[in-house]
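Visitor: Sharing a sequence plus its predicted fold:
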Amino acid sequence: TYEIMRTLARVKYDIDIGHSYIPSKTIEQGRTDILAILRSLPFFIQNFKYNMFNQTFIETLNESTRLKAVSINLISDSIKTHGLGVIKSSISLLSEFIHKQINSFIVMMSNDTLNSLLVRESRWLRKNKEKNTAEDRELRYDFKRALSFVEEFSQAVQTSQGMRKLEEFRLLITFIGNCIAFVRILRTASFNYLSKNIEFIPYIEEITASFADTCQILEFKSKTLFECCKDTDAFLDMMKDKFKETPDKKEETDYLRGLAKRYQGKLQGENFVKLQFFYMLVPALTLDYIQSLLIAKEKLLKKNFKGGYISDDGFIVGLAYLTEILNQSKNFEETLWFEEVKEKVSTEVKELEEKFQRLEEEKKVKEKAKESQKDKYKDDESIELGPYLRMRKSFLEEFVLLENGYMAAHILFKLSEVKEENFFANK
């Protein structure tokens, strides 16, 4: 901070301030260091929630009066302390953690009860698709059928800890997504760090002159000055190389694509037959995700707010990642699940609003006629309907955000250009 002030004073006002000799630090440094996060990576992945649009991790509410947050600026300052070398070691550690989580995912998907349920749902979808194609109608995976699947699966399969199997699936996908999200923050923070290094060097790519050659041409005899000029040239060459846009350089720093490439095409075949119907589990997972998110947001308004949070986009990133590496994105899109839920819930919300408005109008008429005591049960119905209507509206809003986040997360893994164009066209 003091060095920036010193540089600005020299550039703007031609004032030469003496060197402060204070170690390079910022306010953010010392709070949550990248090495501290990597040392306790399982704890971080389980207790911090990701916000995809702000690229921030926020700690889940607990009994403490303070919450920790991990942002791009914090990681950028941490890179400034430890150097760019910490990024590759961090990516390697996160990649190994993701590999372990995917192995756990494969084991969970091998459950015979789950597999029989998914095969049944896939068979129903395929059978009705053929029927609807003959009748020239659009097929969607039924909303009520998904709800009954959630109940049936929850009753049929439970973990040893008493946790619902569906919840365990959701948490595992969230852990995978949080790891990938942290990789994304690392990449963005590294670019942030490099851009800060050249903020006082405009048009770095256009610099062709050499300070060392200029020093010799002007016949400066100071050996110290010549060495400083050589170091400056070396620094500028390094910065130009970092920002140079080449296919090899782009592929080297595109960590998210690298994580997707590692498993693409490798989780298919005879050894992974039970993974081929994962896309039929996605509707149930999304319903469980929305329910858990709404419960967490309700906790924020209560006295006992432990376990509350406002976003959990790690699940969305993890879901997009798994459907991509399993090559099931197209299969899931064909279920038209998002369209089905939005249509059904929107219709339900509209009917509830009309009913609520009608009850409110009847209530006002009776209050004027002083007959409110006579039909008190209808007033009670109006009171009960209000919270339920707000809950369904919240469900619809969160589901729309889930759909947008899912489509955006796919772009992180570089889907085909056609899909990207379709996404932006639909918006």
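Guide: Noted; the coordinates are in hand.

Visitor: what number of residues lie near residue 224?
Guide: The tally of other residues near residue 224 (other C-beta atoms under 10 Å) stands at 8. Where you see a C-beta, it was placed from the backbone N, CA and C, and this is true even at glycine.

Visitor: now for the helix or strand harbouring it, which elements pack on it?
Guide: Using DSSP states H and E, residue 224 sits in helix 223-243. When contacts are defined as 3 or more C-beta pairs under 8 Å, 6 or more residues apart in numbering; DSSP states H and E, helix 223-243 sits against helix 165-197, helix 211-217.

Visitor: buried set for the shortest one?
Guide: Buried residues in helix 211-217, counted by 16 or more other C-beta atoms under 10 Å: 211, 212, 215.

Visitor: hmm, back to that, touching the helix holding residue 224 from outside, list them.
Guide: Contact with helix 223-243 is made by 194, 197-198, 201, 204-205, 207, 210-212, 214-216, 220, as judged by C-beta atoms under 8 Å, 6 or more residues apart in numbering.

Visitor: What is the nearest of those to residue 106?
Guide: residue 194 (37.7 Å; C-beta to C-beta).

Visitor: quick one: the closest residue to residue 181 other than its chain neighbours from residue 182, how far?
Guide: Leaving aside its sequence neighbours, residue 181 sits nearest to residue 50 (C-beta to C-beta, 6 or more residues apart in numbering; 4.4 Å). Taking C-beta to C-beta, to the nearest Å as the measure, residue 50 falls 8 Å from residue 182.

Visitor: hey, what's in contact with both of these two?
Guide: Taking C-beta under 8 Å, 6+ apart as the criterion, residue 50 and residue 182 both touch residue 57.

Visitor: between those two, which one's more packed in?
Guide: Per other C-beta under 10 Å, whichever of residue 50 and residue 182 has more neighbours is residue 50, with 29 against 26.

Visitor: Touching, the more buried one and residue 177? I think so.
Guide: Yes - counting by C-beta atoms under 8 Å, residue 177 is a contact partner of residue 50 at 7.0 Å.

Visitor: So residue 314 is in contact with residue 171, correct?
Guide: No - here residue 314 does not reach residue 171: they are 9.7 Å apart, not a contact under C-beta under 8 Å.

Visitor: Compare neighbour counts for the two and give me the winner.
Guide: residue 314 (26 against 18).

Visitor: buried sites along the helix holding residue 224?
Guide: Neighbour-count burial for helix 223-243, counted by 16+ other C-beta under 10 Å, picks out 229, 233, 236, 239, 242.

Visitor: Let's have those in TSV, adding distance to residue 76 and pLDDT.
Guide: Listed next are the buried residues of helix 223-243 as TSV, based on distance: C-beta to C-beta, whole Å; pLDDT from 0 to 100:
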residue	distance to residue 76	pLDDT
229	29	88
233	25	84
236	21	79
239	16	73
242	14	66
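
Visitor: Mind putting the residues you listed into TSV with distance to residue 266?
Guide: What follows is the buried residues of helix 223-243, written out as TSV (distance: C-beta to C-beta, whole Å):
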residue	distance to residue 266
229	51
233	45
236	42
239	37
242	32
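
Visitor: Could you point out which of those residues is nearest to residue 60?
Guide: residue 242 (36.0 Å).

Visitor: Which secondary structure state does residue 53 sit in?
Guide: Classification of residue 53 by DSSP: H, G, I helix; E, B strand; the rest coil places it in coil.

Visitor: Can you report phi and psi for it?
Guide: Per-residue torsions, residue 53: phi -80, psi -30 (degrees, to the nearest 10).

Visitor: what's the closest non-adjacent residue to residue 313?
Guide: residue 52 (3.8 Å).

Visitor: Can you get me a residue count around the one you found?
Guide: Using other C-beta under 10 Å, the number of residues around residue 52 comes to 21.

Visitor: right, and it touches residue 181 too?
Guide: Yes - using C-beta under 8 Å, residue 52 makes contact with residue 181 at a distance of 7.0 Å.

Visitor: Which parts of the protein are strands?
Guide: 48-51, 56-59, 69-70 (DSSP state E).

Visitor: Deepest-packed of those strands, please.
Guide: Mean neighbours per residue, mean count of other C-beta atoms under 10 Å, is largest over these for strand 48-51, with a mean of 23.

Visitor: Mind exporting the C-alpha coordinates of that strand to PDB?
Guide: Below are the C-alpha coordinates for strand 48-51, written out as PDB (Å, rounded to 0.1, in the frame of the first residue of the first chain):
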ATOM      1  CA  PHE A  48     -17.900 -22.900   3.200                       C
ATOM      2  CA  LYS A  49     -20.600 -22.200   0.600                       C
ATOM      3  CA  TYR A  50     -19.800 -20.900  -2.900                       C
ATOM      4  CA  ASN A  51     -21.400 -18.000  -4.700                       C
END
